[in-house]
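Trainee: kindly generate the corresponding structure for this input.
(one chain, ligands or ions: 1)
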Amino acid sequence: MKRTLHLLLVACALFSATLSVSAADVVTQDDRMEWWRDARFGLFIHWGLYAVPGGEWKGKDYGQECGEQGSEWIMAGAQIPRKEYAQLATQFNPIQFDAEDWVSLAKAAGMKYIVITSKHHDGFCLFDTEHTDYNVMDATPFKRDIIKELADECAKQDIRFGVYYSQYFDWYHRRHRLESDKPAMSEPDYLKMVQNHLGELLTNYGELAVLWFDMGFGSLKEANSQGAVVRELQPNTIICSRLYRRNFSEAQKKYADFESLPDMEIATHRVAGDAETCMTMRHNWGYDLDDDNWKSTKDVVERLVLSASRGVNFLLNVGPTPEGTFCPEEIDRMKAVGEWMKINGESIYGTKASPFDFDFPWGTMTQKETKLYLHVMKWNPEGIGFNGVMGKPAKAYLLADPEQRELSVRHDASGHITTIDVPGEAPDTNDTVIVLEFNATVEIAKTAKGRYHWSKSTGIKPRKKNRKKNRE
Ligand code: GLC
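Mentor: Below you'll find the predicted structure:
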């Protein structure tokens with residue numbers, strides 16, 4: 001009798017559990033994040049009406065290279081009245097835009113996902129929406145849904161597609177920096193529009209890999225209501241932490257799936273948990289007519305590698321031209337990084353951060369299963385040495401060597417310092433990868449000590465003081 005009662009209770013519990021499980025609960029965060037953790041490398045695209053002036057307004061340069069707010073911030077930087085700025089839409093006619101080209105380039109670069117600005121802070125929508133006329137279909141001569149073309153092409157070429165969405169700043173619909181410009185919408189109407197936009201983005205464009213919210217200055221309630229729509233409509237969509245204010249606690253950031261590090265920041269140490277760095281190829285995010293602070297291919301590879309070695313994904317930005325093409329410098333770098341990835345991708349995709357909480361004068365490490373990848377960014381013909389790994393690797397070779405010819409491995413008398421003998425010159429000056437294969441999971445000695453040698457500044461000029469008050 002007791003047993004029957006027990007079985008009955010279990011059956012009841014199971015039944016009620018089934019009833020309370022909604023589609024969203026079935027997908028766990030680990031499920032959602034699996035591909036993203038393996039991907040490590042994505043493309044960021046900043047594109048909108050700001051591409052037309054390219055950082056310059058009435059003879060003055062508002063680009064970040066001049067210590068101003070940046071080309072994509074020009075509406076705020078140059079204090080352009082809403083109506084005047086909106087006129088740019090009549091000039092936005094990027095007839096050379098070809099989704100196939102863009103997506104093919106991202107693939108050639110070895111990127112695994114794409115995130116594009118569906119609406120930046122200027123409020124202009126690159127997608128077809130019923131909830132404002134300020135969009136590519138209704139306000140421009142171009143009249144093609146850019147988000148749709150890219151989403152379809154990504155599905156075709158089998159690469160994940162996501163959107164950036166500026167939920168707090170909207171200088172057109174919500175509040176302009178120029179105080180004489182009255183808000184175009186009431187606060188409740190604006191917030192309703194955001195919900196509706198999210199609804200459209202999450203229903204009309206197939207599977208969205210990422211919702212890259214930007215600038216979580218709103219209230220917790222506001223952020224959670226936006227996160228909830230995403231989760232409900234597409235439980236697999238990964239949500240960026242910028243849905244929330246940076247200083248909210250982890251527990252408060254209920255819907256955030258990964259931490260977006262501050263712009264262009266390379267983590268200074270290993271990061272626990274899922275994180276991503278977004279990085280420009282020059283100073284500005286949006287297209288700029290004369291910002292020539294291009295990072296070299298080596299700069300880009302090093303930032304990608306350092307991020308991976310600290311457990312961080314890397315989202316590399318392009319700011320396409322008003323004609324709809326990537327800049328030649330962007331194409332060059334994407335192709336060159338792609339060449340490097342073709343040979344060395346194994347040391348990035350699906351890897352984990354370095355086993356050490358420090359790096360080395362010559363570079364850093366990533367790891368996967370029983371392999372350690374030594375990323376040598378500063379060559380040392382005397383050999384590449386490190387301490388702290390227990391046991392001898394079964395095999396050491398250059399990842400670029402298809403024959404995997406063995407490199408000799410030396411140990412000092414204590415057995416703690418390992419040195420790999422290498423050729424006199426760096427086989428790849430961007431980063432030469434040496435693979436160490438072990439027979440079992442790599443173990444680190446408790447006594448292993450070191451410090452971080454590799455750091456990267458954002459390289460961006462500090463903003464002019466009088467501009468600071470324009471930031472929140
Ligand atoms: C910033 C800027 C913005 C850019 C973004 C990229 O927060 O406001 O212009 O889109 O970072 O991460």
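
Trainee: quick one: contacts for the residue of the stretch 301-450 of the chain found nearest the ligand?
Mentor: Among all residues of the stretch 301-450 of the chain, Asn317 sits closest to the ligand, at 7.4 Å; criterion: Cβ to the nearest ligand atom. Quick note: C-beta positions are derived from backbone N, CA and C, even for glycine. By Cβ atoms under 8 Å, 6 or more residues apart in numbering, the residues touching Asn317 are Leu43, Phe44, Ile45, His46, Cys278, Met279, Thr280, Met281, Trp285.

Trainee: phi, psi of the third one?
Mentor: Dihedral angles of Ile45 (phi, psi; degrees, to the nearest 10) stand at phi -130, psi 120.

Trainee: so what sits opposite the closest residue to it other than its chain neighbours in the bridge?
Mentor: Leaving aside its sequence neighbours, Ile45 sits nearest to Ile116 (Cβ to Cβ, 6 or more residues apart in numbering; 4.0 Å). Beta-bridge partners of Ile116, counted by DSSP bridges, are Ile45, Val163.

Trainee: SS state for the closest residue to Lys254 other than its chain neighbours?
Mentor: Excluding the flanking residues, the one nearest Lys254 by Cβ to Cβ, 6+ apart is Asn224, at 6.1 Å. On the three-state scheme (DSSP: H, G, I helix; E, B strand; the rest coil), Asn224 is labelled helix.

Trainee: which helices and strands sit right next to the helix or strand where Val229 lies?
Mentor: Per DSSP states H and E, Val229 falls inside helix 220-233. Applying 3 or more Cβ pairs under 8 Å, 6 or more residues apart in numbering; DSSP states H and E, one finds that helix 220-233 makes contact with helix 187-204, strand 210-214, strand 238-239.

Trainee: buried stuff in the second one?
Mentor: Of the residues in strand 210-214, those with enough neighbours to count as buried (16 or more other Cβ atoms under 10 Å) are Val210, Leu211, Trp212, Phe213, Asp214.

Trainee: now, among the residues you listed, which is nearest to the ligand?
Mentor: Of the buried residues of strand 210-214, the one sitting nearest to the ligand (Cβ to the nearest ligand atom) turns out to be Asp214, at 5.5 Å.

Trainee: list the beta-bridge partners for that closest one.
Mentor: The partner list for Asp214 in beta bridges (DSSP bridges) reads Ser166.

Trainee: give me the pLDDT value at it.
Mentor: Per-residue pLDDT puts Asp214 at 97.

Trainee: please list the residues of this structure that sit near the ligand.
Mentor: The chain comes close to the ligand at residues His46, Gly70, Glu72, Trp73, Asp214, Met215, Asp263, Cys278, Trp285, as judged by Cβ under 6 Å from any ligand atom.

Trainee: would the last one count as being in a strand?
Mentor: No. Secondary structure of Trp285 (three-state DSSP): coil, not part of a strand.

Trainee: what's the neighbour count on it?
Mentor: Around Trp285 there are 27 other residues, counting by other Cβ atoms under 10 Å.

Trainee: any idea how far the nearest residue to it once chain neighbours are set aside is from Gln64?
Mentor: The shortest distance from Trp285 to any residue other than its chain neighbours is 4.1 Å, reached at His46 (Cβ to Cβ, 6+ apart). His46 is 12 Å from Gln64, where distance means Cβ to Cβ, to the nearest Å.

Trainee: need phi/psi at the nearest residue to Glu437 once chain neighbours are set aside.
Mentor: In this structure, Glu437 finds its nearest non-sequential neighbour in Lys395, 4.3 Å apart by Cβ to Cβ, 6+ apart. The phi/psi pair for Lys395 (degrees, to the nearest 10) reads phi -160, psi 140.

Trainee: so Lys395 touches Leu436, yeah?
Mentor: Yes. At 7.5 Å, Lys395 counts as touching Leu436 under the criterion of Cβ atoms under 8 Å.

Trainee: and the two? which has more neighbours close in?
Mentor: It is Leu436, of Lys395 and Leu436, that has more neighbours when counted by other Cβ under 10 Å, with 24 against 15.

Trainee: tell me the SS of that one?
Mentor: strand.

Trainee: who touches it in this structure?
Mentor: Lys371, Leu372, Tyr373, Leu374, Val389, Pro393, Lys395, Ala396, Val409, Ile420.

Trainee: now name the helix or strand holding the second one.
Mentor: In this case it means Leu372. Applying DSSP H and E, one finds Leu372 within strand 371-376.

Trainee: against which helices or strands is that strand packed?
Mentor: When contacts are defined as 3+ Cβ pairs under 8 Å, 6+ apart, strand 371-376 packs onto strand 363-368, strand 384-387, strand 432-437.

Trainee: residues contacting Gly123?
Mentor: Neighbouring residues of Gly123 by Cβ under 8 Å, 6+ apart: Thr132, Tyr134, Ser166, Asp170, Trp171, Tyr172, His173, Arg174.
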